[in-house]
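K.L.:
mind looking at a prediction? Sequence and model below.
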Amino acid sequence: MINIKCNKKLKYLESYYNNLLNEVVKTFNITNEIEINVEFVSRLAIKKLNKQFRNINKVTDVLSFPTLELKMPLENMLLKQNFVDDINPETNNIMLGDIYICFNKVKKQAKEYGHSVLRESCYLFLHGVLHLLGFDHIKEEDKTEMRKYEELVLNNLDIQRTK
């Protein structure tokens, strides 16, 4: 389940993000309902978050704040009994965390990389979801693994790099 906080112009992304999340659930064989909050923020807001939580004083495209400390592989890890304090009482879903996306950066990067705003937005959302699931890209081997899943999920949903 995706909770998106944004203006009405971006509400259309919710169905794409839900499709991406469903593909992630299928890819990693996640058997419990999960929930993610997504918020589109300004350049100033994401810069402040980046400074506050990462001590990096610059605008970035996406930030993820996991609720859980997850590690790969996820098998038998994402079970409700393992995260009783992280279940949303209203939905009974496991809360994975929050993703903040700067839509101004989405538009700029889409132009730079020569693909659609939709593709860039989907990529950044997926990148954020993988961070919530415990992926990182600090080490080169971790980056390679993360990129493999990004491409797999996007390709499975036919979300291509080209316009």
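P.N.:
Alright, I've got the coordinates. Residues are numbered from 1 along each chain as shown.
K.L.:
okay, residue 6: pLDDT?
P.N.:
pLDDT, residue 6: 60.
K.L.:
pLDDT below threshold where in this structure?
P.N.:
1-8, 72-77, 161-163 (pLDDT under 70).
K.L.:
run the last query once more with 90
P.N.:
Where the chain drops to pLDDT under 90, the residues are 1-16, 18, 25-35, 37, 67-94, 114-115, 134-146, 158-163.
K.L.:
and residue 86, how far is that from residue 136?
P.N.:
20 Å (Cβ to Cβ, to the nearest Å). Every C-beta, even on glycine, is put in place using the N, C-alpha and C of the backbone.
K.L.:
more crowded one of the two?
P.N.:
Each of residue 86 and residue 136 has its neighbours counted (other Cβ atoms under 10 Å); residue 86 has more, 15 against 11.
K.L.:
hang on, that one packs against residue 70?
P.N.:
No. Using Cβ atoms under 8 Å, residue 86 makes no contact with residue 70, being 10.9 Å away.
K.L.:
correct me, but residue 119 touches residue 110?
P.N.:
Yes. Taking contacts as Cβ under 8 Å, residue 119 lies within contact range of residue 110: 6.9 Å.
K.L.:
give me the sheet partners of whichever strand or helix holds residue 40 and which way each runs.
P.N.:
Assigned by DSSP states H and E, residue 40 belongs to strand 34-41. Strand 34-41 has these partner strands in its sheet, going by DSSP bridges: strand 2-5 (parallel), strand 94-102 (parallel).
K.L.:
other SSEs contacting the helix or strand that comes right after the first one?
P.N.:
If I follow you right, that is strand 2-5. Using DSSP H and E, the next helix or strand after strand 2-5 towards the C-terminus is helix 13-27. Other helices and strands packing on helix 13-27, by 3 or more Cβ pairs under 8 Å, 6 or more residues apart in numbering; DSSP states H and E, are strand 2-5, strand 34-41, helix 117-132, helix 140-156.
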